[in-house]
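S.K.: sequence and predicted model, in that order:
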Amino acid sequence: MDEQFDFRALLLKLQDYLSDNDRRRLHFIVGDTIPRHLRDDPTLGGTLSLLESLFDQAIISEQDFDYLICAFNEIHCYEGVKRLQEYQRRQQGHTRNESNVSKTRDYNEENTINETQDFSTFTSIDISEQRESTLTQSIPISFNKEDSSLDSVQISMNAIKSEKKMKRDCTKKQIDSDSKEGMLCGERLAGDEFDDAVTNLLTLNDKLIGITVTWSFDTLNSIIFIYSNGKKSQHGIGDAVRISLYSSEFNLMTEESFTGVTIYRDLRNIINPYKPNGTVIIVGLRFSTNKSRQSKLFGSSNGTENDESFPAYILAYVRGRSYAFIDAFQFIWYKQLTQIKTAMIEKT
(Lines give C-alpha, C1' and ligand atoms only; values in the text may rest on other atoms or scores of the structure.)
Protein backbone atom coordinates (compact mmCIF):
# COMPACT_ATOMS: atom_id res chain seq x y z
CA MET A 1 0.00 0.00 0.00
CA ASP A 2 1.17 3.58 -0.59
CA GLU A 3 1.97 6.14 2.09
CA GLN A 4 -1.25 8.09 1.65
CA PHE A 5 -3.38 4.96 2.11
CA ASP A 6 -1.45 3.91 5.24
CA PHE A 7 -1.80 7.31 6.87
CA ARG A 8 -5.49 7.62 6.13
CA ALA A 9 -6.03 4.10 7.46
CA LEU A 10 -4.35 5.24 10.69
CA LEU A 11 -6.66 8.26 10.90
CA LEU A 12 -9.66 5.94 10.61
CA LYS A 13 -8.35 3.80 13.48
CA LEU A 14 -7.89 6.92 15.61
CA GLN A 15 -11.64 7.49 15.47
CA ASP A 16 -12.04 4.52 17.83
CA TYR A 17 -10.18 6.45 20.54
CA LEU A 18 -12.37 9.56 20.32
CA SER A 19 -15.38 9.85 22.59
CA ASP A 20 -18.23 12.21 21.73
CA ASN A 21 -16.73 14.80 24.07
CA ASP A 22 -13.31 14.33 22.47
CA ARG A 23 -14.81 15.11 19.08
CA ARG A 24 -16.41 18.27 20.42
CA ARG A 25 -13.10 19.37 21.91
CA LEU A 26 -11.24 18.59 18.68
CA HIS A 27 -13.72 20.54 16.56
CA PHE A 28 -13.51 23.46 18.98
CA ILE A 29 -9.72 23.65 19.23
CA VAL A 30 -9.10 23.84 15.47
CA GLY A 31 -11.13 27.05 15.52
CA ASP A 32 -11.70 28.96 12.31
CA THR A 33 -9.12 26.81 10.55
CA ILE A 34 -12.09 24.91 9.15
CA PRO A 35 -15.55 26.11 8.02
CA ARG A 36 -18.15 26.69 10.74
CA HIS A 37 -20.52 24.01 9.48
CA LEU A 38 -17.81 21.37 9.97
CA ARG A 39 -17.01 22.61 13.47
CA ASP A 40 -20.68 22.28 14.37
CA ASP A 41 -20.84 18.62 13.28
CA PRO A 42 -18.93 16.51 15.88
CA THR A 43 -20.05 13.22 14.36
CA LEU A 44 -17.84 10.61 12.74
CA GLY A 45 -18.65 12.04 9.32
CA GLY A 46 -18.02 15.57 10.55
CA THR A 47 -14.63 14.64 12.00
CA LEU A 48 -13.57 12.93 8.77
CA SER A 49 -14.62 16.04 6.85
CA LEU A 50 -12.60 18.12 9.32
CA LEU A 51 -9.51 16.02 8.59
CA GLU A 52 -10.13 16.30 4.85
CA SER A 53 -10.27 20.07 5.21
CA LEU A 54 -6.92 20.06 7.02
CA PHE A 55 -5.47 18.02 4.14
CA ASP A 56 -6.89 20.44 1.57
CA GLN A 57 -5.29 23.41 3.34
CA ALA A 58 -1.95 21.57 3.64
CA ILE A 59 -2.09 21.93 7.43
CA ILE A 60 -1.45 18.21 7.66
CA SER A 61 -0.04 15.71 5.19
CA GLU A 62 1.28 12.15 5.14
CA GLN A 63 4.76 13.55 5.89
CA ASP A 64 3.87 16.34 8.35
CA PHE A 65 1.15 15.90 10.95
CA ASP A 66 2.63 17.63 14.00
CA TYR A 67 -0.45 19.87 14.06
CA LEU A 68 -2.65 16.81 14.58
CA ILE A 69 -0.37 15.46 17.34
CA CYS A 70 -0.61 18.79 19.17
CA ALA A 71 -4.39 18.89 18.76
CA PHE A 72 -4.83 15.36 20.16
CA ASN A 73 -2.46 16.25 23.00
CA GLU A 74 -4.49 19.35 23.90
CA ILE A 75 -7.77 17.42 24.08
CA HIS A 76 -6.01 14.77 26.24
CA CYS A 77 -6.52 11.96 23.73
CA TYR A 78 -3.15 10.48 24.64
CA GLU A 79 -3.76 7.13 22.98
CA GLY A 80 -4.19 8.97 19.70
CA VAL A 81 -0.98 10.89 20.35
CA LYS A 82 0.84 7.63 21.02
CA ARG A 83 -0.37 6.03 17.77
CA LEU A 84 0.59 9.07 15.72
CA GLN A 85 4.04 9.22 17.29
CA GLU A 86 4.59 5.51 16.65
CA TYR A 87 3.70 6.03 12.99
CA GLN A 88 6.00 9.07 12.88
CA ARG A 89 8.93 7.06 14.29
CA ARG A 90 8.39 4.27 11.75
CA GLN A 91 8.25 6.85 8.99
CA GLN A 92 11.48 8.49 10.19
CA GLY A 93 13.17 5.11 10.32
CA HIS A 94 12.34 4.44 6.67
CA THR A 95 13.65 7.81 5.48
CA ARG A 96 16.60 8.32 7.84
CA ASN A 97 19.32 7.11 5.46
CA GLU A 98 18.05 9.21 2.57
CA SER A 99 17.73 12.24 4.85
CA ASN A 100 21.31 11.93 6.12
CA VAL A 101 22.69 11.77 2.57
CA SER A 102 20.63 14.79 1.56
CA LYS A 103 21.75 16.85 4.56
CA THR A 104 25.41 16.01 3.96
CA ARG A 105 25.12 17.05 0.32
CA ASP A 106 23.35 20.32 1.20
CA TYR A 107 25.93 21.17 3.84
CA ASN A 108 28.83 20.56 1.44
CA GLU A 109 27.17 22.72 -1.21
CA GLU A 110 26.84 25.58 1.29
CA ASN A 111 30.61 25.45 1.94
CA THR A 112 31.67 25.27 -1.71
CA ILE A 113 31.69 28.20 -4.13
CA ASN A 114 29.78 27.25 -7.22
CA GLU A 115 31.95 28.37 -10.09
CA THR A 116 28.97 28.42 -12.45
CA GLN A 117 27.12 31.06 -10.41
CA ASP A 118 26.75 34.47 -12.02
CA PHE A 119 29.27 36.19 -9.73
CA SER A 120 32.29 38.34 -10.53
CA THR A 121 35.66 36.60 -10.67
CA PHE A 122 37.24 35.83 -7.29
CA THR A 123 40.94 35.68 -6.56
CA SER A 124 43.04 34.94 -3.46
CA ILE A 125 45.54 37.41 -1.97
CA ASP A 126 47.67 37.68 1.20
CA ILE A 127 46.72 40.57 3.49
CA SER A 128 48.97 39.91 6.49
CA GLU A 129 52.19 38.23 7.56
CA GLN A 130 50.04 35.30 8.67
CA ARG A 131 49.40 34.56 4.98
CA GLU A 132 45.68 34.04 5.61
CA SER A 133 43.96 33.29 2.32
CA THR A 134 40.71 35.21 1.78
CA LEU A 135 38.25 35.61 -1.04
CA THR A 136 38.56 38.99 -2.75
CA GLN A 137 36.24 40.30 -5.41
CA SER A 138 38.08 41.68 -8.45
CA ILE A 139 36.72 45.10 -9.40
CA PRO A 140 38.36 48.13 -11.06
CA ILE A 141 40.56 49.95 -8.53
CA SER A 142 42.84 52.98 -8.57
CA PHE A 143 46.31 52.56 -10.05
CA ASN A 144 47.57 55.40 -7.89
CA LYS A 145 50.35 53.90 -5.77
CA GLU A 146 49.17 55.76 -2.67
CA ASP A 147 45.57 54.55 -3.00
CA SER A 148 45.88 51.06 -4.46
CA SER A 149 46.98 49.31 -1.26
CA LEU A 150 44.13 50.91 0.73
CA ASP A 151 41.61 49.84 -1.90
CA SER A 152 42.90 46.27 -1.78
CA VAL A 153 42.65 46.15 2.01
CA GLN A 154 39.09 47.54 1.93
CA ILE A 155 38.02 44.97 -0.66
CA SER A 156 39.68 42.20 1.33
CA MET A 157 37.94 43.23 4.57
CA ASN A 158 34.56 43.15 2.82
CA ALA A 159 35.33 39.67 1.52
CA ILE A 160 36.35 38.52 5.02
CA LYS A 161 33.04 39.75 6.45
CA SER A 162 31.15 37.96 3.69
CA GLU A 163 33.08 34.75 4.33
CA LYS A 164 32.39 34.93 8.08
CA LYS A 165 28.68 35.41 7.39
CA MET A 166 28.70 32.32 5.16
CA LYS A 167 30.33 30.33 7.97
CA ARG A 168 27.73 31.55 10.50
CA ASP A 169 24.89 30.62 8.17
CA CYS A 170 26.36 27.16 7.62
CA THR A 171 26.85 26.71 11.38
CA LYS A 172 23.21 27.62 12.05
CA LYS A 173 22.03 25.16 9.42
CA GLN A 174 24.18 22.44 10.97
CA ILE A 175 22.78 23.23 14.45
CA ASP A 176 19.23 22.95 13.10
CA SER A 177 19.98 19.64 11.39
CA ASP A 178 21.79 18.24 14.43
CA SER A 179 19.00 18.91 16.96
CA LYS A 180 15.47 17.61 17.31
CA GLU A 181 12.63 18.79 19.54
CA GLY A 182 10.51 16.18 21.24
CA MET A 183 6.79 16.68 21.75
CA LEU A 184 5.60 18.96 24.53
CA CYS A 185 4.08 16.46 26.96
CA GLY A 186 1.62 18.05 29.37
CA GLU A 187 -0.27 21.29 29.78
CA ARG A 188 0.79 24.07 27.42
CA LEU A 189 -0.52 26.96 29.54
CA ALA A 190 -0.07 25.78 33.13
CA GLY A 191 2.78 26.69 35.48
CA ASP A 192 5.81 28.83 34.63
CA GLU A 193 7.93 28.25 31.54
CA PHE A 194 11.53 27.06 31.92
CA ASP A 195 14.39 26.38 29.51
CA ASP A 196 17.46 24.69 30.99
CA ALA A 197 19.64 25.60 28.00
CA VAL A 198 19.15 29.31 28.64
CA THR A 199 19.30 29.10 32.44
CA ASN A 200 22.48 27.02 32.46
CA LEU A 201 24.25 28.58 29.43
CA LEU A 202 24.55 25.22 27.69
CA THR A 203 26.55 24.74 24.49
CA LEU A 204 26.15 22.03 21.89
CA ASN A 205 28.84 20.03 23.65
CA ASP A 206 26.88 19.92 26.92
CA LYS A 207 24.28 17.30 27.74
CA LEU A 208 22.18 15.88 30.55
CA ILE A 209 24.31 13.55 32.72
CA GLY A 210 22.26 12.97 35.87
CA ILE A 211 18.89 13.32 37.58
CA THR A 212 17.66 13.44 41.17
CA VAL A 213 13.95 12.92 41.78
CA THR A 214 11.52 13.07 44.72
CA TRP A 215 7.96 11.75 44.65
CA SER A 216 4.98 10.74 46.76
CA PHE A 217 2.97 7.57 46.32
CA ASP A 218 1.28 8.68 43.08
CA THR A 219 2.84 11.99 42.02
CA LEU A 220 6.22 13.27 40.86
CA ASN A 221 7.10 16.14 43.20
CA SER A 222 10.45 17.52 42.04
CA ILE A 223 13.32 16.75 39.70
CA ILE A 224 16.85 18.11 39.44
CA PHE A 225 18.55 17.89 36.02
CA ILE A 226 22.36 17.83 36.17
CA TYR A 227 24.39 18.88 33.10
CA SER A 228 27.92 18.17 31.92
CA ASN A 229 29.05 21.79 32.44
CA GLY A 230 28.47 21.38 36.19
CA LYS A 231 25.21 23.32 36.33
CA LYS A 232 21.83 22.02 37.47
CA SER A 233 18.16 23.03 37.50
CA GLN A 234 15.33 22.02 39.84
CA HIS A 235 11.69 21.95 38.78
CA GLY A 236 8.73 21.35 41.09
CA ILE A 237 8.55 21.36 44.89
CA GLY A 238 5.37 19.42 45.71
CA ASP A 239 2.81 20.71 48.21
CA ALA A 240 1.65 20.22 51.78
CA VAL A 241 -0.71 17.39 50.82
CA ARG A 242 1.59 15.24 48.69
CA ILE A 243 4.84 15.38 50.63
CA SER A 244 7.88 13.60 49.22
CA LEU A 245 8.09 10.03 50.48
CA TYR A 246 10.81 8.77 48.14
CA SER A 247 14.01 10.08 46.61
CA SER A 248 16.41 8.58 44.08
CA GLU A 249 19.09 9.57 41.59
CA PHE A 250 20.50 8.21 38.34
CA ASN A 251 23.88 9.29 36.96
CA LEU A 252 25.58 8.45 33.68
CA MET A 253 28.89 6.63 33.41
CA THR A 254 31.80 7.54 31.13
CA GLU A 255 30.81 7.66 27.42
CA GLU A 256 27.17 7.02 28.35
CA SER A 257 24.23 9.11 27.17
CA PHE A 258 20.48 9.18 27.69
CA THR A 259 18.78 7.84 24.56
CA GLY A 260 15.17 7.36 25.63
CA VAL A 261 12.58 8.53 28.13
CA THR A 262 9.13 7.32 29.16
CA ILE A 263 6.74 9.96 30.49
CA TYR A 264 3.59 9.27 32.49
CA ARG A 265 0.93 11.96 32.95
CA ASP A 266 -2.48 11.89 34.53
CA LEU A 267 -5.16 13.82 36.40
CA ARG A 268 -4.40 14.53 40.07
CA ASN A 269 -6.36 16.44 42.72
CA ILE A 270 -3.55 18.80 43.66
CA ILE A 271 -4.09 22.19 45.28
CA ASN A 272 -5.18 24.33 42.33
CA PRO A 273 -8.00 26.88 42.75
CA TYR A 274 -8.26 27.26 38.97
CA LYS A 275 -8.96 23.55 38.43
CA PRO A 276 -10.89 22.18 41.42
CA ASN A 277 -11.78 19.00 39.53
CA GLY A 278 -8.17 17.96 39.01
CA THR A 279 -5.08 18.96 37.04
CA VAL A 280 -3.15 16.99 34.42
CA ILE A 281 0.51 16.83 35.52
CA ILE A 282 3.60 14.69 34.95
CA VAL A 283 3.34 11.82 37.45
CA GLY A 284 6.25 9.55 36.47
CA LEU A 285 9.47 9.22 34.45
CA ARG A 286 11.87 6.49 33.40
CA PHE A 287 15.12 6.95 31.44
CA SER A 288 17.23 4.60 29.29
CA THR A 289 20.81 4.91 28.01
CA ASN A 290 23.01 3.82 25.12
CA LYS A 291 24.68 1.33 27.49
CA SER A 292 21.42 -0.64 27.82
CA ARG A 293 20.87 0.70 31.32
CA GLN A 294 17.48 1.84 32.56
CA SER A 295 16.61 3.98 35.54
CA LYS A 296 14.02 2.89 38.05
CA LEU A 297 10.54 4.30 37.69
CA PHE A 298 10.54 7.73 39.28
CA GLY A 299 7.04 8.50 40.52
CA SER A 300 3.95 6.64 39.34
CA SER A 301 3.10 4.67 36.20
CA ASN A 302 -0.60 5.18 36.86
CA GLY A 303 -1.32 7.40 33.87
CA THR A 304 -0.97 7.79 30.12
CA GLU A 305 2.38 6.50 28.89
CA ASN A 306 4.45 8.24 26.21
CA ASP A 307 7.76 6.81 24.99
CA GLU A 308 10.21 9.11 23.24
CA SER A 309 13.49 8.34 21.50
CA PHE A 310 15.13 9.19 18.19
CA PRO A 311 17.65 6.82 16.56
CA ALA A 312 21.19 8.29 16.56
CA TYR A 313 20.15 11.14 18.89
CA ILE A 314 20.99 11.66 22.59
CA LEU A 315 19.09 13.62 25.21
CA ALA A 316 20.65 17.07 25.56
CA TYR A 317 18.45 19.20 27.81
CA VAL A 318 14.90 19.90 28.95
CA ARG A 319 12.30 22.63 28.51
CA GLY A 320 8.83 22.75 29.97
CA ARG A 321 6.49 24.29 32.53
CA SER A 322 6.30 23.84 36.29
CA TYR A 323 5.16 25.40 39.52
CA ALA A 324 4.47 23.26 42.58
CA PHE A 325 4.40 20.21 40.29
CA ILE A 326 5.66 19.46 36.78
CA ASP A 327 3.04 20.60 34.28
CA ALA A 328 4.91 19.79 31.05
CA PHE A 329 8.21 18.49 29.70
CA GLN A 330 9.78 18.91 26.26
CA PHE A 331 13.04 17.04 25.70
CA ILE A 332 15.62 18.36 23.23
CA TRP A 333 17.85 15.84 21.45
CA TYR A 334 21.19 16.18 19.64
CA LYS A 335 22.80 13.95 17.07
CA GLN A 336 25.56 11.83 18.50
CA LEU A 337 29.13 12.92 17.72
CA THR A 338 28.13 16.57 17.34
CA GLN A 339 31.36 18.55 17.47
CA ILE A 340 30.33 22.19 17.18
CA LYS A 341 32.23 23.69 20.12
CA THR A 342 31.57 27.41 19.98
CA ALA A 343 27.87 27.72 19.16
CA MET A 344 25.69 28.79 22.07
CA ILE A 345 22.06 27.82 22.41
CA GLU A 346 19.90 30.92 22.27
CA LYS A 347 16.28 31.10 23.27
CA THR A 348 14.12 31.95 20.29
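M.R.: Yep, that arrived. Numbering: from 1, shown residues only.
S.K.: and residue 205, what helix or strand is that in?
M.R.: Taking DSSP states H and E as the definition, one finds residue 205 inside no helix or strand.
S.K.: next, give phi and psi for it.
M.R.: The phi/psi pair for residue 205 (degrees, to the nearest 10) reads phi -90, psi -10.
S.K.: just residue 286 next, same as before
M.R.: In terms of degrees, to the nearest 10, the main-chain angles of residue 286 are phi -150, psi 140.
S.K.: could you count how many residues lie near the closest residue to it other than its chain neighbours?
M.R.: Closest residue to residue 286 apart from its sequence neighbours, by Cβ to Cβ, 6 or more residues apart in numbering: residue 262 at 4.4 Å. Every C-beta, even on glycine, is put in place using the N, C-alpha and C of the backbone. Using other Cβ atoms under 10 Å, residue 262 is surrounded by 18 other residues.
S.K.: tell me which other helices or strands the helix or strand where residue 262 lies touches.
M.R.: According to DSSP H and E, residue 262 maps onto strand 258-268. The contact analysis (3 or more Cβ pairs under 8 Å, 6 or more residues apart in numbering; DSSP states H and E) places strand 258-268 against strand 185-186, strand 279-289, strand 304-308, strand 313-322.
S.K.: mind listing what's buried along that strand?
M.R.: Judged by neighbour count using 16 or more other Cβ atoms under 10 Å, the buried positions of strand 258-268 are 258-266, 268.
S.K.: from the residues you listed, which two are the most distant?
M.R.: 259 and 268 (28.9 Å; Cβ to Cβ).
S.K.: returning to that earlier point: sheet-wise, list the partners of the strand holding residue 262 with their directions.
M.R.: Strand 258-268 has its sheet partners listed here by DSSP bridges as strand 279-289 (antiparallel), strand 304-308 (antiparallel).
S.K.: what lies in contact with that strand?
M.R.: With contact meaning Cβ atoms under 8 Å, 6 or more residues apart in numbering, strand 258-268 is reached by 78, 185-186, 207-208, 218-219, 242, 252, 278-290, 299-309, 313-315, 325, 329, 331.
S.K.: shaky segments in this structure?
M.R.: Residue ranges of the chain with pLDDT under 70: 1, 93-177, 271-277, 337-348.
S.K.: show me how it divides into domains.
M.R.: 3-95, 113-177, 182-335 (automatic domain parsing).
S.K.: end-to-end on the last one?
M.R.: End-to-end span of domain 182-335 (Cα to Cα, to the nearest Å): 13 Å.
S.K.: can you give me the helices in the stretch 1-150 of the chain?
M.R.: 3-14, 20-29, 36-39, 44-56, 66-74, 78-110, 145-178 (DSSP state H, counting those that start in this stretch).
S.K.: next SSE after the longest one?
M.R.: Per DSSP H and E, the first helix or strand lying C-terminal to helix 145-178 is strand 179-181.
S.K.: which positions in that following strand come out as buried?
M.R.: For strand 179-181, using 16+ other Cβ under 10 Å, the buried residues are 179-180.
S.K.: neighbouring strands - and their directions - for that strand?
M.R.: As assigned by DSSP bridges, strand 179-181 forms pairs with strand 326-335 (antiparallel).
S.K.: what's in contact with the partner strand?
M.R.: So strand 326-335 is in contact with 177-188, 190-191, 197, 204, 207, 220, 223, 235-236, 261, 263, 279, 281-282, 308, 310, 312-322, going by Cβ under 8 Å, 6+ apart.
S.K.: can I have the buried ones of the residues you listed as a PyMOL selection?
M.R.: Buried residues within the contacts of strand 326-335, by 16+ other Cβ under 10 Å, are selected in PyMOL with:
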select buried, resi 177+178+179+180+182+183+184+185+186+187+190+191+197+204+207+220+223+235+236+261+263+279+281+282+308+310+313+314+315+316+317+318+319+320+321+322
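S.K.: comparing the domains of the chain, which comes out most buried?
M.R.: Scoring those by mean neighbour count under mean count of other Cβ atoms under 10 Å gives domain 182-335 as the most buried, with a mean of 18.
S.K.: tell me who's in contact with residue 249.
M.R.: For residue 249, the contact set (Cβ under 8 Å, 6+ apart) comprises 210-213.
S.K.: please redo it, this time with the cut-off set to 6 Å
M.R.: Applying Cβ atoms under 6 Å, 6 or more residues apart in numbering to residue 249 gives the contacts residue 212.
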